[in-house]
Structures are given as C-alpha cells and as structure tokens.
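Student: I'll drop the sequence and a predicted model, then ask my questions.
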Amino acid sequence: MARINVRLDDAESGFSVYPEDSYLVELQETSKVKKAKTSGEPKITWISKILDGEFEDKLLSWDTSLTDAALWNLKGMLEVIEVEWDEDGFDLEDCTYRKLIVDVIVEDYEGDARNYVRGYHKA
C-alpha cells in the first residue's frame, strides 16, 4: 500500500464545538440518510456551512430522526427552508444550498461537549 506523505498535525478538523448562539448556515450536498449507531433507526445527517461571523466557512452538522415520533422536527425544518413534500415524502436534493438560521446549544455527550441544533428560523 502507498504511503501518503502529508503533515496532519496542524490540520484543522472540519467540525468543531461552537459557542451557543444562532448561526446562518447553508445546507451542503453532503447531507445524507444514515442509520443511528445506537438504535439503528433512520436519520438524516445534515451538513451545513456557517455563512458569517467568527466561524464563517466552518462546518456544522446535526441529525433529524426519521421515526414517526420525531417527524415534527423534520417538518419544522422543511417549512423553514420552504421545501415541499407530498404523501411519498420529499427529495433530499431539494434541500441542498438552502439557507436557514439554526439555534445551537452545547451539551455533554459521554464526557465530550457537543453541539445540538434546537431551533430553526428563516434566513
């Protein structure tokens, strides 16, 4: 196997923990449907880019569950970004490059600080 010669010591991670605040973000094409590691239930992992302020161009991610009990959260977000759906659902691609404001909090997860999105607003 080939050795890759790059210096990674000073490379920044794409994701960081950001202070609690509201951030203007743009959804990226890398958002995708996955299975939750613990429950195995389907979810959408949203990848967004922060568009202004101190963390401009940094990445922020969050999940929305696709379980029936949690669809209210996804519906609220789709309403904010004005993506339409029908009885068969919606196209994830229609969400790409949509802008919204997300309310971000910091919570502990197994001893590590993590960001969680707790609200959506129109950009």
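Tutor: Everything's here; your move.
Student: now the helices for this protein?
Tutor: In the chain, the helices defined using DSSP state H lie at 71-81.
Student: what ranges do the strands span in it?
Tutor: Applying DSSP state E to the chain gives strands spanning 21-27, 32-35, 42-50, 59-65, 99-109, 112-122.
Student: could you dump these to JSON lines with mean pLDDT?
Tutor: What follows is the strands of the chain, written out as JSON lines (pLDDT from 0 to 100):
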{"stretch": "strand 21-27", "mean pLDDT": "98"}
{"stretch": "strand 32-35", "mean pLDDT": "93"}
{"stretch": "strand 42-50", "mean pLDDT": "96"}
{"stretch": "strand 59-65", "mean pLDDT": "95"}
{"stretch": "strand 99-109", "mean pLDDT": "95"}
{"stretch": "strand 112-122", "mean pLDDT": "94"}
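Student: out of those strands, nearest to Asn5?
Tutor: Closest to Asn5 of the strands of the chain is strand 59-65 (C-beta to C-beta; 25.7 Å). Where you see a C-beta, it was placed from the backbone N, CA and C, and this is true even at glycine.
Student: just the angle between that closest one and helix 71-81, please?
Tutor: 130 degrees (axes from the mean of the first three to the mean of the last three C-alpha atoms, to 10 degrees).
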